[in-house]
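**Q** build me a structure from this.
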Amino acid sequence: MKRIFKAYSQIFRILAANGPFLIVAAFISAIIAGVASPLLLVINSQVFNMGLQVAAGEMGFSAYLPYLVLYVILALLPVLVGDVFVSSFIKPRCRLVLRTAYKGMLLKKLKRLRYEHLESKNSAEVIDKAYHRVEETVLSLFPDAAQQTITAGIAAVGTLWLLGTVRWWLLLIVLIPFAFETWFAQRFYKSVSDEMETYWKQEHSYNLLSRMLRSREHVTENHLLGSGEFLIHTYEQRLNKRNREYERFFLKHLRRSFLQQNLTRFAQIGTAILLLFFYLKGEVSIGLLISLTLALFGNLFSGQGLTGLVKTIRASEQYIRNFDFYDNYFALSEEEYGPEDRFPQQFDIRFENVTFTYPGSKTPVLRGVSFLIRPGERVSLVGANGEGKSTLIKLLLGLFQPDSGQILIGGKPLSQYSHRVRSHLFGTVFQDFVKYSIPLRENVGIGDIERLQDPDAVDAAMVKAKVDAFSKTLEKGKDALLGRDFEGGVELSGGQWQRIAIARAFMGDKPILILDEPTSQLDPIAESRIFSEFAQLSAGKTSLFISHRLGSATIADRVLVLSEGKIAEEGSHEQLLHNGGLYAHMFEAQKQWYMKKEEEPFVDI
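**A** A predicted model of the protein is given here:
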């Protein structure tokens, strides 16, 4: 429960800063609803008794009328407070404030996470559960659980007090079985929660498959291939298998759950019989008998009574587990930057005996890699797929840390530079570049957030990457909304998106430019032309071209051949061809890709 109190403390701090009235209003409305319940029992008892007196002519209707009015007011009060005020105002407003605050904290943490956590299965589970479950748990705790606890507590105490006026020991008959049931329920919920956690990986895979069936890209291809029905059938089969497992799980716990949930049933029946006995002896009025009996089989053991009072305790294990994921998420390591806030005087890149193994793997991807890229040099890193080229770039960008060895920029370890310096060192175009559903100008400008609002810098980057050429054909030009995610968005060709990604790399005049196979989906000739253009535009900058195809190698000053996690060969294109080694064999196998058909016109992308 200590962790739950800590959660409430954080919730109240957030609400106090963003909507203090909500806390006061939530508690006042809960108290009003709670007080109304036992008062209604008392008035209800009087209404029954006085109604009999009115019917017998022993009491005038005018004296009876105020009790009827009070009964109606007390009956309507919880509805007006709960359904109208709480549901229509307090709850939506609290949800808005808390959801915004917690999502903001989770997203800010995500921004600071070390990149390796995004590629770790264990971290992915923590991130997924923290992001989806904690928000749900917080919204359950407040205002729902908090108000229910207060309302139910007041209502239960008032009802029990009224029951105790008949015989004090009737409280024991009610409370002892309920205490045992609560203890059993808490243990039951914990065991259920423990077992349900084993289904997360299955649920995660089903959700992924479901998203694949719904996404626009997959739906289009499924429609063209006629594979939709097959994939849906596969999804249904897997889902039915999961459902059968759930059925076995619930049936296994059914008997336990049935026995535990019926302890209070015996207490209710026994107490009702005793009340009837006292009524027959003339010790309890007919009104009190009816009111207490209705309470016994109604609100006292419901969410508006004892059950509501201990609901948070019964579900505490699940709440605590969800907050454990939240705590574990915020305990994940973050990117670390050095104190050096000055740019290096020259922009050379040196790898010194760098070895790296992905988390969870035993086989190193890179094995003692060493090389030097001099300032202003254009270097092509080539090799077959899976040889570690993109991994090397991730290390250079600081997304991963080497197992051993070091990476130096301008003679200083990369880890010594501040975030500001590192974010302005590299202009990178990735193989899986992002297509942002935002206006064209912003799509380019986010390459350097500090200059996003600088139209001259954005226009210059567009011109370099030839984005300005096709932007003129768009109805709104540079302000055109791109992508189909939002109404009015314009979809571009693959080549146009690639040029936007290249323009982002040129934002901010970054001194080191990297092309990490961004043109792998193009034909080799088109790819070679893109690399040639990029090489011309990056004149004077330190440039690194990554490709498993060798079109980029012919325009580079030097070629590094990566094989089996090591630099296997190094030299110019002509030198490596003359040596007749691995590079020469690779180029011989690929050279027909770059032979254009006779007089075939070249179509720019």
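
**Q** and the closest residue to Ser37 other than its chain neighbours, what does it touch?
**A** If the residues on either side of it in the chain are set aside, Ser37 comes closest to Ala155, at 3.6 Å by CB to CB, 6 or more residues apart in numbering. Quick note: C-beta positions are derived from backbone N, CA and C, even for glycine. Applying CB atoms under 8 Å, 6 or more residues apart in numbering, we find Ala155 in contact with Ala33, Gly34, Ser37, Pro38, Asn299, Gln304, Gly305.

**Q** recalculate using a threshold of 10 Å.
**A** 33-41, 78, 295, 299-300, 302, 304-306, 308-309 (CB atoms under 10 Å, 6 or more residues apart in numbering).

**Q** just the buried ones from those?
**A** Buried residues within those, defined by neighbour count using 16 or more other CB atoms under 10 Å: 33-41, 78, 295, 299-300, 304-306, 308-309.

**Q** which of the residues you listed fall in helices?
**A** 33-41, 78, 295, 306, 308-309 (DSSP state H).

**Q** reformat these as JSON lines; add distance to Phe351.
**A** Converted to JSON lines, those look like this (distance: CB to CB, whole Å):
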{"residue": "Ala33", "distance to Phe351": "68"}
{"residue": "Gly34", "distance to Phe351": "68"}
{"residue": "Val35", "distance to Phe351": "73"}
{"residue": "Ala36", "distance to Phe351": "74"}
{"residue": "Ser37", "distance to Phe351": "73"}
{"residue": "Pro38", "distance to Phe351": "76"}
{"residue": "Leu39", "distance to Phe351": "78"}
{"residue": "Leu40", "distance to Phe351": "78"}
{"residue": "Leu41", "distance to Phe351": "79"}
{"residue": "Pro78", "distance to Phe351": "70"}
{"residue": "Ala295", "distance to Phe351": "77"}
{"residue": "Leu306", "distance to Phe351": "68"}
{"residue": "Gly308", "distance to Phe351": "63"}
{"residue": "Leu309", "distance to Phe351": "64"}
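
**Q** wait, which of these is closest to Val174?
**A** Leu306 (8.2 Å; CB to CB).

**Q** state the distance from the closest one to Leu292.
**A** According to CB to CB, to the nearest Å, Leu306 stands 14 Å off from Leu292.

**Q** likewise Gln237?
**A** 54 Å.

**Q** neighbour count winner among these two?
**A** When Gln237 and Leu292 are compared for neighbours, Leu292 comes out ahead with 25 against 10, by other CB atoms under 10 Å.

**Q** helix, strand, or coil at Ile546?
**A** What DSSP: H, G, I helix; E, B strand; the rest coil gives for Ile546 is strand.

**Q** now the helices for the stretch 101-250 of the chain?
**A** Counting by DSSP state H, counting those that start in this stretch, the segments of the stretch 101-250 of the chain that form helices are 121-139, 146-164, 170-196, 200-214, 216-225, 228-261.

**Q** quick one: low-confidence ranges for the stretch 201-350 of the chain?
**A** The model of the stretch 201-350 of the chain has pLDDT under 70 over residues 201-229, 231, 235, 238-239, 241-243, 245-262.

**Q** switch to 80 and redo it
**A** Applying pLDDT under 80 to the stretch 201-350 of the chain flags residues 201-263, 303, 314-315, 317-318.

**Q** cool, and the stretch 501-605 of the chain?
**A** 517-539, 547-555, 589-605.

**Q** just the strands in it please.
**A** Listed in chain order, the strands of the stretch 501-605 of the chain (DSSP state E, counting those that start in this stretch) span 512-516, 542-547, 558-563, 566-571.

**Q** winner for burial among those strands?
**A** Mean neighbours per residue, mean count of other CB atoms under 10 Å, is largest over these for strand 542-547, with a mean of 25.

**Q** other SSEs contacting that one?
**A** Judged by 3 or more CB pairs under 10 Å, 6 or more residues apart in numbering; DSSP states H and E, strand 542-547 is in contact with strand 366-373, strand 378-382, helix 389-396, strand 426-429, strand 512-516, helix 524-537, strand 558-563.

**Q** kindly format the C-alpha coordinates of the shortest one as PDB.
**A** Output of strand 426-429 as PDB, limited to C-alpha atoms (Å, rounded to 0.1, in the frame of the first residue of the first chain):
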ATOM      1  CA  PHE A 426      26.100  14.600 -38.000                       C
ATOM      2  CA  GLY A 427      23.700  15.000 -40.900                       C
ATOM      3  CA  THR A 428      22.400  11.500 -41.500                       C
ATOM      4  CA  VAL A 429      20.000   9.900 -44.000                       C
END
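
**Q** give me the mean pLDDT for the helix or strand that it is followed by.
**A** With elements assigned by DSSP states H and E, the helix or strand that comes after strand 426-429 is helix 440-445. For helix 440-445, mean pLDDT is 93.

**Q** chain center to helix 440-445, what's the gap?
**A** On the basis of CA atoms, centre = their mean, to the nearest Å, helix 440-445 is displaced by 26 Å from the centre of the chain it belongs to.

**Q** do the same with stretch 458-469
**A** 35 Å.

**Q** what residue lies at the spatial centre of the chain?
**A** Taking CA atoms, centre = their mean, the centroid of the chain lies closest to Tyr131, which sits 3.7 Å from it.

**Q** what's next to stretch 47-64, contact-wise?
**A** By CB under 10 Å, 6+ apart, stretch 47-64 touches 40, 46, 65, 67-68, 70-71, 285-291.

**Q** would you mind checking those for buried ones?
**A** Leu40, Gln46, Tyr67, Leu70, Tyr71, Gly287, Leu288, Leu289, Ile290, Ser291.

**Q** surely the fourth one forms part of a strand?
**A** Spelled out, that is Leu70. No - counting by three-state DSSP, Leu70 is not found in a strand; it is helix.
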